[in-house]
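Engineer: Have a look; sequence and predicted model below, questions after that.
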Amino acid sequence: MAQLSGGLSFGPIVKDELAAVAELEVTAFPPPVYPVFFFRQAFDLWPDLFWVARRDDEILAYLVCGPEFAEPSRLSLMSFAVAPQAQGQGVGKGLLREFLRRLPIVAPQISHIWLTADPDNLPALRLYQQHGFVISGEESDYYGAGYRRLVLTAEIAAKNI
């Protein structure tokens, strides 16, 4: 768990935080959103790939990843959100940076990470690009008709931490 000044810390989620993450998902995104049972299953399946940013007992951001079954060296960043009251304060940037920094230790088999993003969400696209993600594709109907998404991919370099 990385602890910063002001009580802000980054690290794997604990079970008692699952409901808060599900609430943040609903607050952060328009439908479709992941339901609480998805987060419970992610916690059970990939506990080292499900991280939160917290200040004291408040969840300010989260990210959840899952490995690809067909290509175990690739990781999907399935959801990443920052609470409205924490946006623009570097919370999401810090969470993503710390997760990517620790990823070679947590999951040394991972060589690439990918995600999708709303092409109109310029702050998110800037954040991802600052962390080495590049646009590698686009799908006009990712979640169904009219849900346009960009696909972004980053290479994960093995690091000595």
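Structural biologist: Nice, I can see it.
Engineer: alpha carbons only for contacts and neighbour counts from here, please
Structural biologist: Will do.
Engineer: quick one: buried residues of stretch 120-138?
Structural biologist: 124-125, 127-128, 133-135, 138 (16 or more other C-alpha atoms under 10 Å).
Engineer: Between the two ends of that stretch, what distance do you get?
Structural biologist: With C-alpha to C-alpha, to the nearest Å as the measure, the ends of stretch 120-138 fall 13 Å from one another.
Engineer: Can you give the contact residues for it?
Structural biologist: 93, 97, 114, 117, 119, 148-155 (C-alpha atoms under 8 Å, 6 or more residues apart in numbering).
Engineer: ranking those residues by neighbours, who comes first?
Structural biologist: Counting neighbours by other C-alpha atoms under 10 Å, the top entry in the contacts of stretch 120-138 is residue 153, with 23 neighbours.
Engineer: How about the secondary structure of that residue?
Structural biologist: Following DSSP: H, G, I helix; E, B strand; the rest coil, we place residue 153 in the strand state.
Engineer: Now name the helix or strand holding the closest residue in space to it that isn't next to it in sequence.
Structural biologist: Of all residues not flanking residue 153 in the chain, residue 114 sits nearest, at 4.2 Å (C-alpha to C-alpha, 6 or more residues apart in numbering). For residue 114, the host element (DSSP states H and E) is strand 112-117.
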